[in-house]
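**Student:** Quick one, what's the 3D model for this:
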Amino acid sequence: MGNLLKFLFLGTVVSFFLFPISFVGLPVGLNTKVMLAGFGGIMTVYRFFELWKVRMTYGLLASTLIALVFSFICFISTDINHTDDYSYATYIGSFAIWLLAAYAVTEFIRFFYGEVSFKILTFYIAGVCFAQCVLAMIIDNVPAFRSLVDAVVFQGQDFLKRVDRLYGIGAFLDPAGVRFSICLIMIAGLLSENEEVRKSNKNITFLLIAYFTIVVIGNSISRTTIIGFGGSLILFFLSSGLFSFIIKLDSIKLGVLSFVIIAIGVVATVYFYQTSDSFYDQMRFAFEGFFSWVETGEWRTDSTDKLNNEMWIWPTDTKTWIIGSGVFDNYIYSTDIGYCRFILYCGLTGFSVFAVLFVFNALYFMSKHKGYRLMFFVFLAITFVIWLKVATDIFFIYALFYCVDYFTAEEEVKDTELIEKNEGNLLYPRYV
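**Tutor:** Below is the predicted model of the structure:
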């Protein structure tokens with residue numbers, strides 16, 4: 001019972017971080033991510049007075065500086081263009097909120113487990129994404145539960161109902177698809193690299209069930225999930241050991257379990273596809289491109305047709321190409337494409353700095369942790385792929401990684417050794 005309560009509590013905390021929600025009756029801006037950030041800020045102050053120092057890795061410091069430069073460029077764009085659209089001029093604030101919220105999440109995990117490992121984080125993210133898919137199906141099929149959720153949670157559900165889209169509790173449209181994509185890649189990375197997980201049938205089974213569910217139901221919530229599916233398959237094929245000249249026993253076991261669970265999942269999906277009208281419609285939407293290819297020989301979807309035919313909108317003058325128009329909100333340019341929206345807002349100058357932020361984060365973790373190098377490369381790749389579809393970013397996951405013990409331990413050891421070496425030097429800045 002104690003473990004169940006722990007799983008439910010931490011799962012809720014992780015969900016509040018990944019899929020922020022606002023509660024009916026509270027200000028819309030006061031969502032669960034902001035609440036977590038508030039707690040993270042309190043914990044940061046507490047740790048400072050407890051240890052009289054705040055530790056910041058070199059990667060995080062550099063990322064913060066890049067985010068500051070990007071925000072400043074966006075502010076310059078709004079100033080030059082005489083607009084008051086500070087959507088990304090305040091990005092450093094959003095950056096800080098994600099960091100503090102991530103710190104709060106990892107502090108809760110550390111309280112119960114004594115550490116924050118990539119394995120623990122992946123299991124909770126997988127569990128939360130799996131739960132969101134299940135909740136979305138319940139909300140869609142049980143009117144009483146849907147009414148309860150809608151009465152408590154504000155997430156723009158009127159629009160979601162109008163366009164007939166699945167939604168969970170905070171999980172909807174492209175933001176959900178981006179998080180599902182990240183989750184799928186993390187599952188593939190953990191199964192490929194963590195020997196402890198690969199030796200446990202229970203762990204493998206849970207992760208594969210979550211993976212298959214997210215691919216099927218998550219894609220029904222947001223077709224952006226397909227990006228993570230593709231990236232995770234590439235990662236799995238290259239790193240799992242199933243396709244090497246010498247195949248290890250644990251790789252064979254992983255392959256067998258994968259085949260069994262996928263086979264069961266396919267049978268269940270086909271059954272519900274043939275017997276449930278709502279599930280039939282959801283699958284037709286989720287895999288519209290596949291059905292189009294099978295039935296017409298051409299891979300196409302309505303959304304990609306609209307993107308390709310209507311949404312590639314670029315600046316029409318040199319000034320906008322360089323510094324942007326300073327306008328982002330209210331869908332003013334009638335495009336969803338990330339590249340277009342960022343360049344139209346802050347020009348190539350701002351967009352280049354924004355892109356550097358994610359290139360740096362990926363390369364930083366790739367250089368520090370070779371075992372997960374390919375996973376971080378896939379993160380880098382999907383960042384640029386996602387921008388073909390929507391204007392968003394994946395810094396939230398890097399914010400969590402900067403708080404994971406495994407990804408920061410090496411620098412902690414170096415910092416401790418350096419402090420001890422310079423303990424008597426009054427000019428050495430110990431408290432940074």
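**Student:** Sketch out the helices for the stretch 1-150 of the chain, chain order is fine.
**Tutor:** Applying DSSP state H, counting those that start in this stretch to the stretch 1-150 of the chain gives helices spanning 2-18, 32-51, 58-80, 91-113, 118-141, 143-152.
**Student:** Point out the other elements, helices or strands, that the fifth one touches.
**Tutor:** Taking 3 or more Cβ pairs under 8 Å, 6 or more residues apart in numbering; DSSP states H and E as contact, the helices and strands that helix 118-141 lies on are helix 2-18, helix 91-113, helix 143-152, helix 173-193, helix 201-213, helix 219-221. No exception for glycine: its C-beta is placed from N, CA and C like everyone else's.
**Student:** for those, which one sits closest to Leu307?
**Tutor:** Ranking the helices and strands packed on helix 118-141 by distance to Leu307, with Cβ to Cβ as the measure, places helix 173-193 first at 12.2 Å.
**Student:** tell me the angle that closest one makes with helix 2-18.
**Tutor:** Going by axes from the mean of the first three to the mean of the last three Cα atoms, to 10 degrees, helix 173-193 is angled at 130 degrees with respect to helix 2-18.
**Student:** Please identify the buried residues of whichever helix or strand comes after helix 173-193?
**Tutor:** Reading on from helix 173-193 to the C-terminus, the next helix or strand found by DSSP states H and E is helix 195-198. Residues Val197, Arg198 are the ones in helix 195-198 that count as buried (16 or more other Cβ atoms under 10 Å).
**Student:** how far out from the middle of the chain is helix 195-198?
**Tutor:** Here helix 195-198 is found 24 Å from its chain centre; the criterion is Cα atoms, centre = their mean, to the nearest Å.
**Student:** ditto for stretch 213-231
**Tutor:** On the basis of Cα atoms, centre = their mean, stretch 213-231 sits 13 Å off its chain's mean C-alpha point.
**Student:** Span of it from start to end?
**Tutor:** 17 Å (Cα to Cα, to the nearest Å).
**Student:** Any regions of the stretch 151-300 of the chain where pLDDT drops low?
**Tutor:** Along the stretch 151-300 of the chain, the parts satisfying pLDDT under 70 run over 240-250.
**Student:** State which helix of this structure is the longest.
**Tutor:** helix 338-368 (DSSP state H).
**Student:** just checking, next helix/strand downstream of it?
**Tutor:** Where DSSP H and E defines the elements, the next helix or strand beyond helix 338-368 is helix 373-386.
**Student:** Contacts only, for the residue nearest in space to the middle of the chain.
**Tutor:** A centroid search over the chain (Cα atoms, centre = their mean) returns Arg179, at 3.6 Å, as the residue closest to the centre. Taking Cβ atoms under 8 Å, 6 or more residues apart in numbering as the criterion, Arg179 is in contact with Leu18, Phe19, Cys129, Ala171, Phe396.
**Student:** burial count for the second one?
**Tutor:** Spelled out, that is Phe19. Neighbourhood size, Phe19 [other Cβ atoms under 10 Å]: 22.
**Student:** dump the residue contacts of it.
**Tutor:** Phe19 neighbours (Cβ under 8 Å, 6+ apart): Val128, Gln132, Gly168, Ile169, Gly170, Ala171, Pro175, Ala176, Arg179.
**Student:** What is the nearest of those to Ala268?
**Tutor:** Closest approach between the contacts of Phe19 and Ala268, by Cβ to Cβ: Gln132, at 18.8 Å.
**Student:** So for Ala286, which of the helices of the stretch 1-150 of the chain sits nearest?
**Tutor:** Closest approach to Ala286 among those (Cβ to Cβ): helix 118-141, 11.4 Å.
**Student:** Any buried residues in that closest one, and which?
**Tutor:** 118-133, 135-137, 139-140.
**Student:** And for stretch 95-108?
**Tutor:** For stretch 95-108, by 16+ other Cβ under 10 Å, it's 95-108.
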